[in-house]
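**Q** based on what follows, work out the 3D shape:
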Amino acid sequence: MKLNLGCGFNKKPGYVNVDKFGSCQPDLVMDLEVLPWAFKDGEVDEVLFNHSLEHMGQDTNTFLGIITELYRVCKAGATIQVNVPHPRHDDFFGDPTHVRIVTPNMLAMFSKRQNGLWREARAANTPLGLYLDVDFEVRHIENVLEQRYMSLLQAKQISAEELEVIAKERNNVVSEYRITLEVIK
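**A** Below is the predicted model of the structure:
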């Protein structure tokens, strides 16, 4: 089973398209903040959150519940694709329904392997994978650049290293994160 969670009007063939708003005519009308979800343990092979996860879980306990449910319903080795606006982009700031910043570093907190590394280093990162008994490994991160910066990079007017510094110092450089997770069980 493949899930497109928080699909809105962006339904995908071959997926169960889920949204809390019936007006977008999803396959399943379901509020993902209401737990538990209507799926069986370990029945999901693939999940897509395409500009939807940042709209969920304003309350921390609700967000952590969503992560726990996601782990429960996924099979070992399931792939989760999370596409979200970059938190330093106007696309994030401009939408009053965005309630949570989602970054690769935040999602790494749900990796037991990463939690172990932080624990050994006595880092202050919260080991949410260990606390919640979930395990998601970040497998791929793509930063989608604004066209201006992509053009500068392609023309070799700035290096990848310079771009990394610029993205940390300025808004509206990276428009979107595309993060791929793997479920570890």
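
**Q** report the central residue of the protein.
**A** V82 (3.5 Å; C-alpha atoms, centre = their mean).

**Q** where's that one relative to K40, distance?
**A** Distance of V82 to K40, computed by C-beta to C-beta, to the nearest Å: 22 Å. Bear in mind the C-beta positions are built from the backbone N, C-alpha and C, glycine included.

**Q** what is the burial count for D41?
**A** 11 (other C-beta atoms under 10 Å).

**Q** touching, it and R72? I think so.
**A** Yes - between D41 and R72 a contact is recorded at 5.7 Å, counting by C-beta atoms under 8 Å.

**Q** in this protein, where's the longest strand?
**A** In the chain, with assignment by DSSP state E, the single longest strand is strand 74-85.

**Q** okay, now the sheet partners of it, with direction.
**A** Strand pairing for strand 74-85, using DSSP bridges, gives strand 44-50 (parallel), strand 174-183 (antiparallel).

**Q** with just CA atoms, put the longest one into PDB.
**A** Listed in PDB are the C-alpha atoms of strand 174-183, where the atom choice follows Å, rounded to 0.1, in the frame of the first residue of the first chain:
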ATOM      1  CA  VAL A 174      16.600  27.200  -0.800                       C
ATOM      2  CA  SER A 175      12.900  27.000  -1.500                       C
ATOM      3  CA  GLU A 176      12.300  23.400  -0.500                       C
ATOM      4  CA  TYR A 177      13.700  20.300   1.200                       C
ATOM      5  CA  ARG A 178      13.100  16.900  -0.300                       C
ATOM      6  CA  ILE A 179      13.900  14.300   2.300                       C
ATOM      7  CA  THR A 180      13.700  10.600   1.900                       C
ATOM      8  CA  LEU A 181      13.500   8.400   4.900                       C
ATOM      9  CA  GLU A 182      13.700   4.600   5.300                       C
ATOM     10  CA  VAL A 183      11.800   2.800   8.000                       C
END
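
**Q** mean confidence (pLDDT) on that strand, please.
**A** Taken as a whole, strand 174-183 carries a mean pLDDT of 98.

**Q** OK, contacts around the nearest residue to A76 once chain neighbours are set aside?
**A** Of all residues not flanking A76 in the chain, K185 sits nearest, at 3.7 Å (C-beta to C-beta, 6 or more residues apart in numbering). When contacts are counted by C-beta atoms under 8 Å, 6 or more residues apart in numbering, K185 is found next to 42, 74-77, 135.

**Q** ok, H98 next?
**A** 54-55, 85, 92.

**Q** before we move on, back to that, any of the contacts of K185 buried? List them.
**A** 74, 135 (16 or more other C-beta atoms under 10 Å).

**Q** show me what contacts L3?
**A** 15-16, 18, 39, 44, 46-48, 73.
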